[in-house]
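Chemist: below are the sequence and a predicted model; questions follow.
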Amino acid sequence: MNRIVGFALMAAFFVLIDFYVWQAIKVVMRSASASAQRIIGFGFWGFTVFSIISIIAIFTYVPMSAPVKASFRTFLMAGIFIIYISKIFSVLILIIEDLIRLGKWVISYFQGNYAVQQVVTENIPVEAEKISRSVFLAKTALAIGGLHAGGMAWGILSGAHDYRVRNVTLRLKNLPKQFDGMKIAQLSDIHSGSFFNKTAVKGGVEMLMKEKPDMFFFTGDLVNNIAPEVKDYIDIFSKIKAPLGSFSTLGNHDYGDYTQWESPEKKTQNLKDLMNAHKTMGWDLLLDEHRAVKVDGESIGILGIQNWGAGGFSKHGDLAKAHQNTQDLPVKLLLSHDPSHWRGQVVSPKYNDIDVAFAGHTHGMQYGVELGSFKWSPVQLRYKEWAGLYEEGNQKLYVNRGFGYIGYPGRLGILPEITIFELKVG
């Protein structure tokens, strides 16, 4: 029943958006022939029907656990998503015209007959101005929607694998001198089930290895839904090597919670298969536990917990268990997928000895603006910490923008990230 209501609301939303945009198209094509207008109308509303039927079919008949159909599903959904998000931008412009009309109506209503007489005496020039403004706003709305759609298409072609290395210095007052200058590489949110360019992914891993990290961290979401998604990429990610160890943890997508399973046993086996993939790649998967990394007699702690997220996300992680018996480690670095965990548990008197938390999860929504120190993304409406370095007292959090993508198979403005940290005494 809930699914039927959801589909009905989606269909109503699509029709409403398209009704608005259709008004602009009608204004622009006034001079077109009647047959041309009919053809355009058929194509326009035909796409509306196609979009609604496609979404219903995908979520009803194509299970998320069908990897053979995953790329088709991804690009079909992405195309519909791009077009309707872009139409929303057009609608926002078209609303300006409606607000102008509403304002004129309110003014004329309160001015009474005087306003009516004024409109009558100046009827011709006012009507001419009205038509000109309507055409201008209609063309502007369609142009903005088209530019946005083009930008998002470019985000698929170019942004999806436009990997950027970000260098970050972490100054830690209790860092043993033996670790001063040590380099840590971080990846997050690989989402291997979304990849469509294996060569580009291989190039991203090669970029990371050129940095010659001493340690490697992966902070969750190796797949979208099922363990077999990573099968074709194990040979690539197993090339990530670091002399002091490669450490990983799980993200919310790794548990198979977003697809249907024939039985609980198959879901459990899927998680075991995913854990084995970490092992095959040479990654030490930390499940609410810690490791001591030793250099010349001094050690620091690497803690890793399972996914713990606020706002409806799963809370599998047990920080107390991972933190147990770490009191003798002067520096503690925590791998925790969801950045909301930092404020949810880490920033507290109980865990104020955790120096740095490393997270991912947000992807920067794969959509936004970054210009110098300025950054913006709609995801910040949900997450206070969503990309980059944050500090609270002596504790730090770094949120990686993600290596992969999900849903929208691209990135616009918020590019995929390879983070290289340098630890410094300070």
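Modeler: That came through, no problem. Residues are numbered from 1 along each chain as shown.
Chemist: packing partners of the particular helix or strand that has residue 138 in it?
Modeler: For residue 138, the host element (DSSP states H and E) is helix 123-157. Based on contacts counted as 3 or more C-beta pairs under 8 Å, 6 or more residues apart in numbering; DSSP states H and E, the elements that helix 123-157 packs against are helix 2-28, helix 70-111. Using the backbone N, CA and C atoms, a C-beta is placed for each residue, glycine as well.
Chemist: could you dump those helices into JSON lines with distance to residue 282, mean pLDDT and mean neighbour count added?
Modeler: Output for the helices and strands packed on helix 123-157, formatted as JSON lines (distance: least, C-beta to C-beta, whole Å; pLDDT from 0 to 100; neighbours: other C-beta atoms under 10 Å):
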{"stretch": "helix 2-28", "distance to residue 282": "42", "mean pLDDT": "92", "mean neighbour count": "15"}
{"stretch": "helix 70-111", "distance to residue 282": "26", "mean pLDDT": "86", "mean neighbour count": "15"}
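Chemist: how about CSV for the ones you listed, with distance to residue 278 added?
Modeler: Compiled in CSV, those are given as follows (distance: least, C-beta to C-beta, whole Å):
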stretch, distance to residue 278
helix 2-28, 34
helix 70-111, 21
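Chemist: of the ones you listed, which approaches residue 280 most closely?
Modeler: helix 70-111 (21.4 Å; C-beta to C-beta).
Chemist: angle of the closest one against helix 123-157?
Modeler: Counting by axes from the mean of the first three to the mean of the last three C-alpha atoms, to 10 degrees, helix 70-111 lies at 160 degrees to helix 123-157.
Chemist: so which residues of this protein form strands?
Modeler: Secondary structure of the chain (DSSP state E): strands located at 164-172, 183-187, 215-219, 246-249, 284-285, 289-295, 298-304, 332-335, 356-359, 369-371, 374-376, 388-392, 395-399, 417-425.
Chemist: in TSV: those, plus distance to residue 52 and mean pLDDT.
Modeler: Formatted as TSV, the entries for these read as follows, by distance: least, C-beta to C-beta, whole Å; pLDDT from 0 to 100:
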stretch	distance to residue 52	mean pLDDT
strand 164-172	38	98
strand 183-187	37	98
strand 215-219	37	98
strand 246-249	39	98
strand 284-285	42	98
strand 289-295	48	98
strand 298-304	43	98
strand 332-335	42	98
strand 356-359	37	98
strand 369-371	32	95
strand 374-376	32	95
strand 388-392	39	97
strand 395-399	36	98
strand 417-425	36	98
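Chemist: let me know the average pLDDT across the helix holding residue 138.
Modeler: For helix 123-157, mean pLDDT is 80.
Chemist: please report phi then psi for residue 403.
Modeler: For residue 403, the backbone dihedrals are phi -90, psi -30 (criterion: degrees, to the nearest 10).
Chemist: my guess is it meets residue 417, correct?
Modeler: Yes: the pair residue 403 / residue 417 is scored as a contact, 6.8 Å apart, by C-beta atoms under 8 Å.
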